[in-house]
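>>> Below are the sequence and a predicted model for it; my questions follow.
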Amino acid sequence: MRKLTKLLPLTIVFGLAFSSANIIKAEVVQTNETEHHEVSGYTQEDYDLIKRRQIEMGVTPEKAEELIAKLKNGEVLDADVLSPEEAVNTVKVVNGDTTTITYFFPDGSAAQTEFTDPSTTNSISKGSKSKGIILPQSI
């Protein structure tokens with residue numbers, strides 16, 4: 001995990017967004033050199049969704065269970081705090097004009113980004129502009 005700045009003890013509140021789910025809040029509290037994560041608001045439905053999404057991204061069912069246990073223990077998944085550059089494995093799949101990149105992190109969690117290349121999008125009317133779409137798909 002990345003260390004938070006050591007300037008002052010601080011509290012950071014951030015949201016974990018799920019595709020088609022409610023926003024869950026986690027609170028990170030840092031005092032001296034230790035971090036404590038207090039998770040509030042997870043329901044069994046949230047855990048089931050996280051597990052399903054991780055499996056869809058290529059995580060084994062066994063590893064997905066371990067990740068749920070990690071969340072229930074108040075820990076944060078690497079996919080939610082590490083940058084894509086810190087992934088231990090990256091899988092890129094191109095399907096037509098859509099590219100999906102899946103990042104696998106040290107704890108086994110996965111995050112996914114999907115985007116559409118606007119230069120390959122066909123437009124019926126002349127002079128119209130098309131925009132690419134980027135969809136972050138981490139938990």
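Nice, I can see it.

>>> Confirm that residue 99 sits in a strand.
Yes. Counting by DSSP: H, G, I helix; E, B strand; the rest coil, residue 99 is found in a strand.

>>> At which residues are the helices of this structure located?
44-56, 61-72, 78-81 (DSSP state H).

>>> Any stretches of the chain with poor pLDDT?
For the chain, the stretches with pLDDT under 70 are 1-41, 120-139.

>>> Just give me the neighbour total for residue 93.
11 (other CB atoms under 10 Å). From N, CA and C alone the C-beta is placed, and that goes for glycine too.

>>> mind listing what it touches?
Residues counted as contacts of residue 93 (CB atoms under 8 Å, 6 or more residues apart in numbering) are 99, 100, 101, 102.

>>> cool, residue 89 as well?
Going by CB under 8 Å, 6+ apart, residue 89 touches 103, 104.
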